[in-house]
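**Q** Okay, predicted coordinates and the sequence, questions at the end:
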Amino acid sequence: MLSRAPRAIRLAARARTAAVASIPVPDASSDARRGRFVAAAAVSTAAAAAFAAANVAAAEEAPAGTDVTTPEFAKRPNVLFVLGGPGAGKGTQCERLVKECGFVHLSAGDLLRAERKSGSAHGDLIAKYILDGRIVPVEITVSLLAKAMAESGRTRFLIDGFPRNENNFEGWKAVMGDSVDVEGVLFYDVDDETRLDRLLERGKTSGRTDDNADTIQKRFRVFKEETMPVVSHYDKLGRVFRIDGAPEVDQVFKATLRAVAPVVKKEAVAAAQAMLDAADSLDWEAYAALCEPDMTAVEDETHGATVCGLEFHKFYFDEGKRAAEAAKAAGKPLPARRSAMLSPTVSLQTPNVAVVSYTRAVQSLAGTANFAETRVFMAHDGVWRCAHLHRSRAGEMPAASVAPAGSSDALHTPAPISKDALDKIYEAALRPAAE
Ligand SMILES: Nc1ncnc2c1ncn2[C@@H]1O[C@H](COP(=O)(O)OP(=O)(O)OP(=O)(O)O)[C@@H](O)[C@H]1O
Ligand SMILES: Nc1ccn([C@H]2C[C@H](O)[C@@H](COP(=O)(O)O)O2)c(=O)n1
């Protein structure tokens, strides 16, 4: 990841500078454009260019076959929006999620404050909007978010304080389209009185221009009139994780962890399915990127032994590819294979350790077979990798019952593995790690 960042950042910054310069932004003193939706084209040319440029750069610079490869399934970013009234504790909970679950936290307010401080051409406008408790035009905000997402090089985001009104919501859709999965909204519910107390207390040390009684009341009004309709929209879609934000921080965090669990579990299942897809297509690079380097495995092929490391598994990919190429050259291509995951269950041991169990149904014209599989995944910085695999054959249906009449059984017989080759693999796989 690290090796990709510099060029990605340079390209994103260049694209953004050019694009943002061309964004029409309303006069800070005028309300004329307030509430109007952004022109999709104007937003797209700004933020989408930055986002795309950085992603292209990242892809260009990823060295093939090294452990920096991002698993294919994870390339599409996952986003949780974080909303709640001013002072509800959004930032506080996001910080904990970053620490304990490896999310990337992007606060729209923080990005705007940093942009203002940076001496940007939009600095005065941002300062005025924040002091007035109003919502900055989305052209600016979504461009900052897109840039930060791209620069992070990561794929799992908490986007805090956004979308805060319809203009934010439309601008996001125009720029991001379907390129990002919005999992839902973490919504912190806290009464006005408690939030007012918290903000006045925070104002004693925060240095924020908007932590004063006058601006706080304006922000409360904007929250009710402009933000709540966005929350209602997601509520109707069944995608709001509502959390009581009034109790003390640790207790709210427990509820937060329960709320994010379905999202985290979904990621672990997606990682398991991505491993099956990689195995079916004999894509070793993709498979290896989804494994811990010292992954342990017990499967029929290991004859009850536990193998450690990836060499053992790579052998089957290499041999599978060789057999497929030979069959193709002989004009008898091997039948396609597809693995479906039946009834997956996920148990989260911690926010970063997931046990995924399922029946793997392997379909091909050579026959179908079911395996009981369990994969233990660990997440580092929000990226899941398999640390242990257990597979047992659970049932099969011979080729004769599924192969169409006239197809050759010879095509369906797997290439035998020589004893010598197997011995070498076992030897390598079972060797202590220190050697
Ligand atoms: N559960 C809690 N109990 C008591 N105080 C809290 C709790 N959560 C956060 N706080 C405090 O309340 C203040 C506001 O919290 P925080 O900055 O996280 O809110 P926010 O929703 O991000 O606010 P804003 O939208 O204004 O940025 C902070 O000083 C924080 O320490
Ligand atoms: N989507 C956003 C988010 C924030 N702002 C501005 C206006 C807010 O009152 C201020 C502070 O935000 P916070 O740090 O409380 O999330 O920043 C905006 O215009 N648009």
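**A** Ah, there it is. Ligands and ions are numbered 1, 2, ... in the order given.
**Q** Give the buried residues for the top strand by length along the chain.
**A** Looking only at the chain and at elements set by DSSP state E, the strand with the highest residue count is strand 383-397. Within strand 383-397, the residues scored as buried using 16 or more other CB atoms under 10 Å are Val383, Trp384, Arg385, Cys386, His388, Leu389, His390, Arg391. To be clear about C-beta, it is placed using only N, CA and C from the backbone, and glycine gets the same treatment.
**Q** Bridging across strands, which residues link to the fifth one?
**A** As for beta bridges, His388 partners with Thr296, Val376 under DSSP bridges.
**Q** List, one by one, the residues from the stretch 301-435 of the chain near ligand 1.
**A** In this structure, the stretch 301-435 of the chain does not approach ligand 1 anywhere, judged by CB under 6 Å from any ligand atom.
**Q** Give the residue spans of the stretch 301-435 of the chain that score low on pLDDT.
**A** Counting by pLDDT under 70, the low-confidence segments of the stretch 301-435 of the chain come to 396-435.
**Q** Do a quick rundown of the helices in it.
**A** 311-329, 399-402, 409-412, 419-430 (DSSP state H, counting those that start in this stretch).
**Q** Remind me what the longest one packs against, helices and strands.
**A** Read it as helix 311-329. Helix 311-329 is packed against helix 284-289, strand 291-298, helix 419-430, with contacts defined by 3 or more CB pairs under 8 Å, 6 or more residues apart in numbering; DSSP states H and E.
**Q** Please identify the buried residues of that helix?
**A** Phe312, His313, Phe315, Tyr316, Phe317, Glu319, Gly320, Ala327.
**Q** From Trp284, how far off is the third one?
**A** Spelled out, that is Phe315. Using CB to CB, to the nearest Å, we find Phe315 at a distance of 10 Å from Trp284.
**Q** now swap in the second one and tell me
**A** In this structure, His313 and Trp284 are 8 Å apart, going by CB to CB.
**Q** cool, and the fifth one?
**A** Distance, Phe317 to Trp284, using CB to CB: 4 Å.
**Q** Going by proximity to ligand 2, name the top residue of the stretch 1-150 of the chain.
**A** Across the stretch 1-150 of the chain, no residue is closer to ligand 2 than Gly109, which sits at 2.1 Å (CB to the nearest ligand atom).
**Q** That residue: what's its closest spatial neighbour, skipping adjacent residues?
**A** Beyond its immediate neighbours in the sequence, the residue positioned closest to Gly109 (CB to CB, 6 or more residues apart in numbering) is Gly161, lying 4.9 Å away.
**Q** Check Ser364 too.
**A** Spatial nearest neighbour of Ser364, chain neighbours left out: Arg337 (4.3 Å); criterion: CB to CB, 6+ apart.
**Q** all helices in the stretch 151-300 of the chain, in order from the N-terminus.
**A** 166-176, 192-206, 213-222, 228-236, 249-280, 284-289.
**Q** on that earlier part again, what separates the longest strand of the chain from the chain centre, distance-wise?
**A** Strand 383-397 has its average C-alpha position 23 Å from the chain's average C-alpha position, going by CA atoms, centre = their mean, to the nearest Å.
**Q** Please apply the same query to stretch 180-187.
**A** On the basis of CA atoms, centre = their mean, stretch 180-187 sits 11 Å off its chain's mean C-alpha point.
**Q** What are the structural domain limits within the chain?
**A** Each domain of the chain is listed here as a residue range: 7-74+267-430, 77-179+191-244, per automatic domain parsing.
**Q** near ligand 1, which residues of the stretch 101-250 of the chain show up?
**A** Taking CB under 6 Å from any ligand atom as the criterion, the neighbours of ligand 1 within the stretch 101-250 of the chain are Gly109, Gly161, Arg198, Arg202, Glu248, Val249.
**Q** Filter those down to the buried ones and hand me the PyMOL line.
**A** For anyone working in PyMOL, the buried entries among those, judged by 16+ other CB under 10 Å, can be selected with:
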select buried, resi 109+161+198
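**Q** Of the residues of the stretch 101-250 of the chain next to ligand 1, which is the nearest to ligand 2?
**A** If you rank those by distance to ligand 2 using CB to the nearest ligand atom, Gly109 comes first, at 2.1 Å.
**Q** which element is the closest one on?
**A** Assignment of secondary structure by DSSP states H and E places Gly109 within helix 108-117.
**Q** buried stuff in that helix?
**A** Under the neighbour-count rule (16+ other CB under 10 Å), helix 108-117 has Ala108, Gly109, Leu111, Leu112, Arg113, Glu115, Arg116 buried.
**Q** which non-adjacent residue is nearest the fifth one?
**A** Closest residue to Arg113 in three dimensions, ignoring its sequence neighbours and counting by CB to CB, 6+ apart: Ile130, at 7.3 Å.
**Q** Quick check: the one you found is in a helix.
**A** Yes. Inclusion of Ile130 in a helix is indicated when DSSP: H, G, I helix; E, B strand; the rest coil is applied.
**Q** if we can go back for a sec, looking at the helices of the stretch 151-300 of the chain, which is buried most?
**A** Mean neighbour counts were compared across these using mean count of other CB atoms under 10 Å; the top stretch is helix 166-176, at a mean of 22.
**Q** which ones are touching the closest residue to Asp192 other than its chain neighbours?
**A** Computed as CB to CB, 6+ apart, the closest residue to Asp192 that is not its neighbour in sequence is Phe220, at 6.0 Å. Remark: with contacts taken as CB atoms under 8 Å, 6 or more residues apart in numbering, Phe220 is in contact with Gly85, Pro86, Asp192, Arg195, Leu196.
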